[in-house]
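Visitor: the sequence isn't on hand, but the structure is:
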C-alpha cells in the first residue's frame, strides 16, 4: 500500500534537540515538506534568518506555536499579553504561516473563576482577531486536556473552543485539534464535524496518549502507535469534516528528546505512515 | 458564624495511615459522624469486625469504595469482575451503607475502543443493579477526570455517567460527584441539577485541584482550600440540586499520608468548615 505522507508536518518540539538548520536539513533528506515552529527557538536563531532558512529549503511553515495566555486580570498584564500576541502574529507573518496556535492560559494566581477567565480570552480575541487578519494570520484556539485547566488553558474541550471561536468571523478565529487533548471526549468527533462545517478547522496535530503520566504531565505525549488514540478513526473523522490541510506531529517526550533527533524524525514519519492504516 | 459539620464524612483513604480502630476513635473525639470505607483495609481488618466497630461507635458508613472495573473483553475476566462486584455489594450491605461507589474501568490492554468499553459497563450494570437493589445497595457511577480515561475509568464526565445511569431505574444506578474530577467542566453544574432532579445524586465527595500533578497523577488530590476548586459555588449548586446527604472528603495525597493521621483529620474538618464560606 502506498501511503501519502505529503501532508505530514513535523512540529519543532518533537525533535527539539535538533538546531533549526539540522531540522531543515533532515526534513530535506526525508522528504518532509512541512514544519511547525515555536517562537522561542525561532527567536534564538533569529526571526529573519529562520524565515529565510525555511523558505530557501522549500519548507512550508504549517503553524507557529504559540500565542495566548490571555487570562490575566491585572490590566498591565493584559496589555503586555496583547502586545506579545501582536508580536506573535507579526512573527507568523514573517515566517510565512497563516496559522498562529493559541494556548489560552490558565487561572490567574488566586482565582477560581473559570467562566471569567474564558470571558477574558474572548475579550482579547476581539482585539487580536482583526490585527491578525490584516496580516494574513488566523488564530487557532487549541483546547488543552482538562488536566491543564488550572495552570495552562481553561479551554478544555473542542466544544468550548468552538463556542469561543464562533463569536468571531470564520476567517479570524478557529481551532487547533490535537488528538492528545481530545481523544477521551465522546463529543469530539461531532465537534470536529462542526469545526469543519463552519470553516474553523485551522490545524490538526497528532500525539498518542500513554500512561503513566510523568510528574507535571507535560512531557508524556506518546509516539504515534504507542498509546490509546484510535488514529484510523480520527483520520476518518477529520477527513469527513473536509480537512485537507497539513497533519502535524507534536510530541513532548523526554525519552524522544534524549535520542538522536534525525532518528526520531524518521521514526515519527514511519509511524505517521502506518498508524492511520493499521 | 456557626458552621454545620454534621454532614461531614471522612473517607478512609484521606487518613489511610490510621488503622481502623484509631480512625473510629479519632472520629469520636472530633465529633465526626460519617466515614467512607474502602474494601481493602476493611478486608484486612475483617469485614464483620469492621462492621461491628463502626456500628458500636455510632458511625454512619456513607459509602463503600469501590466496585467497578467492568470493561474487560475476555469472558472469564468479565465473570470474575461481576462476581467481585457482587461481593462488594454484599460487603456494603454488611457494613450498613446503601452506596457502593464504582470506578468503571479503563481500556483493556491493546484496545482503543472507548465506546465499546462504555457499553460493556452498561451491560455489567444491568446484571449488578438488581442484585444490589435486593440487598438495599445503590450503585454510584463515579466519573473520573479525563486524565484517567485510558487506565482507570472511561466514564470521564458527569454527562456520560448520567447517560449511563439513566438506562436503569433511579433506585439502582446513580452517580458519585467528586469535585476533583469535575471542577473543570463547564457542563458540570447543569449536570448536577440533572442528577438531583432525577434522583441520581447518590454521593458527593470533595477534593481540591492542586498543581503540579505528581508522577502517575494519583496521589495529588489537594487539601480543601489549597487549589482551584470553587467550593462555595459547588456547595450552592449541590444544595440547589436538592442534595442533603453526607459530604465526604476523599484525598489521596502523599504529603498528608506522611503526617499524623489525627492531625490531618482535624485539619480536614477545619478546612471543610471554612472553604464553603470563605
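Guide: That came in fine, so what should we check first? Computed from a predicted structure; not experimentally measured. Numbers count the residues shown, from 1 in each chain, chains lettered A, B, ... in the order given.

Visitor: sheet partners, orientation included, of the host helix or strand of residue A:10?
Guide: Per DSSP states H and E: residue A:10 is located in strand A:8-11. Using DSSP bridges, strand A:8-11 pairs in its sheet with strand A:34-38 (parallel), strand A:247-249 (parallel).

Visitor: output the contacting helices and strands for the next helix or strand after the longest one.
Guide: Downstream of strand A:34-38, the next assigned helix or strand under DSSP H and E is helix A:39-45. Counting contacts by 3 or more CB pairs under 8 Å, 6 or more residues apart in numbering or on different chains; DSSP states H and E, helix A:39-45 packs against helix A:20-30, strand A:60-68, helix A:75-95. The C-beta positions use only the backbone N, C-alpha and C, and glycine is treated the same way.

Visitor: can you put the ones you listed in CSV and add mean neighbour count, mean pLDDT and distance to residue B:255?
Guide: Output for the helices and strands packed on helix A:39-45, formatted as CSV (neighbours: other CB atoms under 10 Å in any protein chain shown; pLDDT from 0 to 100; distance: least, CB to CB, whole Å):
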stretch, mean neighbour count, mean pLDDT, distance to residue B:255
helix A:20-30, 17, 98, 42
strand A:60-68, 25, 97, 32
helix A:75-95, 17, 98, 31
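
Visitor: any chance of a markdown table for these, columns distance to residue B:117?
Guide: A markdown table is the format used below for the helices and strands packed on helix A:39-45 (distance: least, CB to CB, whole Å):
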| stretch | distance to residue B:117 |
| --- | --- |
| helix A:20-30 | 37 |
| strand A:60-68 | 33 |
| helix A:75-95 | 40 |
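
Visitor: out of those, which is closest to chain B?
Guide: Chain B sits nearest to strand A:60-68 of all these, at 17.4 Å, using CB to the nearest CB.

Visitor: partner strands of that closest one and their direction?
Guide: Strand pairing (DSSP bridges) places strand A:60-68 next to strand A:34-38 (parallel), strand A:99-103 (parallel).

Visitor: element containing residue A:71?
Guide: Short version, using DSSP H and E: residue A:71 is in no helix or strand.

Visitor: again, but for residue A:131
Guide: Taking DSSP H and E as the criterion, residue A:131 maps to helix A:114-134.

Visitor: which parts of that helix are buried?
Guide: For helix A:114-134, the neighbour count (16 or more other CB atoms under 10 Å in any protein chain shown) marks A:114, A:117-118, A:120-122, A:124-125, A:128-129, A:131-133 as buried.

Visitor: how about the residues of chain A by chain B?
Guide: Contact residues (CB under 8 Å from any CB of the partner chain) of chain A with chain B: A:107, A:111-115, A:118, A:145-147, A:149-151, A:154, A:156, A:160, A:183-186, A:209, A:211-217, A:227-230, A:233.

Visitor: restricted to helices, list the residues you listed.
Guide: If you go by DSSP state H, the residues of chain A next to chain B have A:114-115, A:118, A:160, A:233 in helices.

Visitor: need these in CSV with pLDDT, can you?
Guide: Below are those laid out as CSV (pLDDT from 0 to 100):
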residue, pLDDT
A:114, 98
A:115, 98
A:118, 98
A:160, 98
A:233, 97
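
Visitor: and those, which two are the farthest apart?
Guide: For these, with distances taken as CB to CB, the pair at the greatest spread is A:115 and A:233 (32.3 Å).

Visitor: the strands in the stretch 151-278 of chain A, which residues?
Guide: Taking DSSP state E, counting those that start in this stretch as the test, the strands found in the stretch 151-278 of chain A are A:173-178, A:201-206, A:208-209, A:221-222, A:247-249.

Visitor: out of those, which gets nearest to residue B:165?
Guide: Per CB to CB, nearest to residue B:165 of the strands of the stretch 151-278 of chain A: strand A:208-209, 26.0 Å.

Visitor: so which elements touch the closest one?
Guide: If you count contacts as 3+ CB pairs under 8 Å, 6+ apart, strand A:208-209 packs onto helix A:179-182, strand A:221-222.

Visitor: highest average neighbour count across the ones you listed?
Guide: helix A:179-182 (a mean of 24; mean count of other CB atoms under 10 Å in any protein chain shown).

Visitor: tell me what that helix is packed against?
Guide: Applying 3+ CB pairs under 8 Å, 6+ apart, one finds that helix A:179-182 makes contact with strand A:201-206, strand A:208-209.

Visitor: which of these sits most buried?
Guide: strand A:201-206 comes out most buried of these by mean count of other CB under 10 Å, with a mean of 26.

Visitor: name the strands paired with that one and say parallel or antiparallel.
Guide: Here, using DSSP bridges, strand A:201-206 pairs with strand A:173-178 (parallel), strand A:247-249 (parallel).

Visitor: pLDDT score assigned to the closest residue to residue A:158 other than its chain neighbours?
Guide: Sequence neighbours aside, residue A:191 is the residue nearest to residue A:158 in space, at 3.9 Å (criterion: CB to CB, 6 or more residues apart in numbering or on different chains). On pLDDT, residue A:191 comes in at 98.

Visitor: residue A:191 against residue A:163, yeah?
Guide: No - using CB atoms under 8 Å, residue A:191 is not in contact with residue A:163; the gap is 9.9 Å.

Visitor: if I look at the nearest residue in space to residue A:274 that is not next to it in sequence, how far off is residue B:47?
Guide: Once flanking residues are discounted, residue A:274 sits nearest to residue A:225: 6.9 Å by CB to CB, 6+ apart. For residue A:225, the distance to residue B:47 (CB to CB, to the nearest Å) stands at 45 Å.

Visitor: likewise residue A:190?
Guide: Taking CB to CB, one finds residue A:190 at 46 Å from residue B:47.

Visitor: neighbour count winner among those two?
Guide: residue B:47 (16 against 13; other CB atoms under 10 Å in any protein chain shown).

Visitor: and residue A:173, how many neighbours?
Guide: 27.

Visitor: what sits against the residue lying closest to it once chain neighbours are set aside?
Guide: Counting by CB to CB, 6+ apart, the nearest residue to residue A:173 once its immediate chain neighbours are dropped is residue A:165, at 4.4 Å. The contact partners of residue A:165, taken as CB atoms under 8 Å, 6 or more residues apart in numbering or on different chains, are A:141, A:173-175, A:200.

Visitor: list just the nearest of those residues to residue A:97.
Guide: Of these, the one sitting nearest to residue A:97 (CB to CB) turns out to be residue A:174, at 13.9 Å.

Visitor: quick one on the thing from earlier: of all the helices and strands packed on helix A:39-45, which lies closest to residue B:98?
Guide: Using CB to CB, these put strand A:60-68 closest to residue B:98, at 47.1 Å.
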